[in-house]
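# Give me coordinates for this.
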Amino acid sequence: MPAVAARTSAAAAASAAATATAGAVAVAPPAFAARTTAVEGSPVREILALTQRPGIVSFAGGLPAPELFDTEGLRAAYDAAFALSARRALQYSTTEGAPELRAAVAARATARGLPTGADDVLVTSGSQQALTLVTAALVEPGDVVLAEDPTYLAALQCFGLAGARVVPVPCDEEGILPDALAELVARERPKLLYTIPTFQNPTGRTLPASRRAAVAEIAARLGLWLVEDDPYGDLRYEGRDVPWLAAHPGAEDRTALLGSFSKIMAPGLRLGWLRAPTALLRAAAVAKQAADLHTSTVDQLAAAHYLATADLDAHTGTVRAAYRERRDALLSALSRTLPADCSWNLPEGGMFVWARLPADHDATALLGTAVAHGVAFVPGAPFHAGAPDPRTLRLSFTTHTPREIAEGAGRLGAALAEYGAAPRGLGASATPRAVSASVRP
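Numbering: from 1, shown residues only. Predicted coordinates for the structure are as follows:
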């Protein structure tokens, strides 16, 4: 009986506690970290969600063309990864990455004029993670980070979450102005400069070799880390390759070079890489251990097999030819459809055209009208670390066929006409090169 009584008493106490809890006011859990509420979500991702309905021609997302993926080659690579060692493919791996993939990345970098060994490379889950790891290794809350103006939106998010103060570097149509950079470094004492010197996102511009040399010299003379993001460098349609910043004298011991397979193989692989000085690479590896331990083993082994057995350069050549045609289709269509006082640039490669609307126009205000007409773009304002130019917009040309691009540009012209702009009236015979020569971004 005592045991029964004890159980009955305990049950009564539990019931009383539950009743008391039910009647009490719940206390809210602690607030989110301030950095998560201070950094806004990506408008690009929000616009992509908005444009998923059928029939929309989207110039918004920087999406590779899925019909150009080497699906058969990649399937064979995954089959090989399992056939050669399924147990290894499905097992944990080292943080630094599969040795054969690191060696393949190093060989490709060396072939492009930057001597690199496998030990200089860390495999990452996309180049976005490489940027996150470098930021974790270098940036303290309150540190100053310099960035081109405008710049890659997700980089602004990354630095914002780290608590950095992002200061924009003045640029012209060719990119960073070295004299302005030197002045900012001397005044702000920043931790690093983040730059996309080749086919920049969002503007598509490319920093000339002479300015790259000047940037490297400034970094060495004034004490500055360089973070060189190069997701688009393989997508050149005309002109000559320009050496990486990392290859210039003065930059060797202070440059983190970020690369990606997303644009030339497939973004779904989520494979990128970081090439950096030993101490920084080690710190980034520690940050990666805390983030995800290592990048997917099976994806790494499949990519390594693909690089060893397929001709990625030939495949990239096919992609470049298609994207060149699409770039030219967009530029030609813009010349026929945009208002007379719009302007845009002619990128030598990459995925984006940077355009500017007439005075007193606002690209963000235009977007709703454009979507109603069945076309989408990304307004340029969110890409600015400093005061935004509301007239700017980014147009991606890689996802759609030339015929679809022409249709989308026509819809954009109709949206602008409804918004209040006058017809451009250049005529269908204008060529992309002729038009781009007469305007500046």
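
# CA atoms for contacts and neighbours, from now on please.
Will do.

# Run a quick neighbour tally on the residue lying closest to A251 once chain neighbours are set aside.
With C-alpha to C-alpha, 6 or more residues apart in numbering as the criterion, A251 has its nearest non-adjacent residue at 5.1 Å, and that residue is A216. By other C-alpha atoms under 10 Å, 24 other residues sit near A216.

# swap in A180?
Neighbouring residues of A180 were enumerated by other C-alpha under 10 Å; the total is 12.

# outside of the one helix or strand it maps to, which residues touch it?
Under DSSP states H and E, the secondary-structure element containing A180 is helix 178-188. The contact list for helix 178-188 (C-alpha atoms under 8 Å, 6 or more residues apart in numbering) reads 144, 169-170, 211, 214-215, 218, 222, 224.

# follow-up on the earlier one: mind checking the SS state of the residue nearest to A251?
helix (DSSP: H, G, I helix; E, B strand; the rest coil).

# so it makes contact with W244?
No. At 10.4 Å, A216 does not count as touching W244 under the criterion of C-alpha atoms under 8 Å.

# if we can go back for a sec, could you pull up the residues touching the residue nearest to A251?
Contacts here follow C-alpha under 8 Å, 6+ apart; on that basis A216 touches 245, 248-251.

# Among the contacts of helix 178-188, filter down to the buried ones and hand me the PyMOL syntax, if you would.
Only the buried members of these end up in this PyMOL selection, burial being decided by 16 or more other C-alpha atoms under 10 Å:
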select buried, resi 144+169+170+211+214+215+218+224
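
# Please convert the contacts of helix 178-188 to a markdown table, extending it with distance to L131.
Formatted as a markdown table, the entries for the contacts of helix 178-188 read as follows, by distance: C-alpha to C-alpha, whole Å:
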| residue | distance to L131 |
| --- | --- |
| V144 | 16 |
| V169 | 19 |
| P170 | 22 |
| R211 | 23 |
| A214 | 23 |
| V215 | 20 |
| I218 | 22 |
| L222 | 23 |
| L224 | 16 |
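
# which of the contacts of helix 178-188 sit farthest apart?
Every pair in the contacts of helix 178-188 was compared (C-alpha to C-alpha); the two farthest apart turn out to be V144 and R211, at 22.1 Å.

# Now flag whichever of the contacts of helix 178-188 is closest to T318.
Scanning the contacts of helix 178-188 for proximity to T318, where the rule is C-alpha to C-alpha, the winner is R211, at 30.7 Å.

# Do you know the pLDDT at the closest residue to the closest one other than its chain neighbours?
With C-alpha to C-alpha, 6+ apart as the measure, P178 is the residue that lies nearest to R211, at 6.5 Å, once sequence neighbours are left out. We have a pLDDT of 98 for P178.

# So which residues of the stretch 101-250 of the chain form helices?
Taking DSSP state H, counting those that start in this stretch as the test, the helices found in the stretch 101-250 of the chain are 127-138, 153-161, 178-188, 209-222.

# Look up the closest residue to G349, ignoring the ones flanking it.
Taking C-alpha to C-alpha, 6+ apart, and ignoring the residues beside it in sequence, G349 has R236 as its nearest neighbour in space, at 4.2 Å.

# how many other residues sit next to the one you found?
Under the neighbour criterion other C-alpha under 10 Å, R236 is assigned a count of 22.

# so who does it touch?
If you count contacts by C-alpha under 8 Å, 6+ apart, R236 has them with 320, 348-350.

# rewinding a little: could you say which of the helices of the stretch 101-250 of the chain is packed most deeply?
Among the helices of the stretch 101-250 of the chain, judged by mean count of other C-alpha atoms under 10 Å, the one packed with the most neighbours on average is helix 127-138 (a mean of 22).

# So in terms of bridging, what pairs with C171?
With DSSP bridges applied, the residues forming beta bridges to C171 are I176.

# Quick check, pLDDT for it.
In this prediction, C171 carries a pLDDT score of 97.

# ditto for E348
98.

# G268 and R221: what is the separation?
As defined by C-alpha to C-alpha, to the nearest Å, G268 lies at a distance of 40 Å from R221.

# next one: L366
45 Å.

# what's the answer for I264, then?
Relative to R221, I264 is positioned 36 Å away (criterion: C-alpha to C-alpha).

# Check G160 too.
Relative to R221, G160 is positioned 27 Å away (criterion: C-alpha to C-alpha).

# got it, and I196?
21 Å.

# Contacts for stretch 89-103, please.
Applying C-alpha under 8 Å, 6+ apart, the set of residues contacting stretch 89-103 is 81-82, 117-119, 121-124, 285, 288-289, 293-295, 297-298, 300-301, 303-304.
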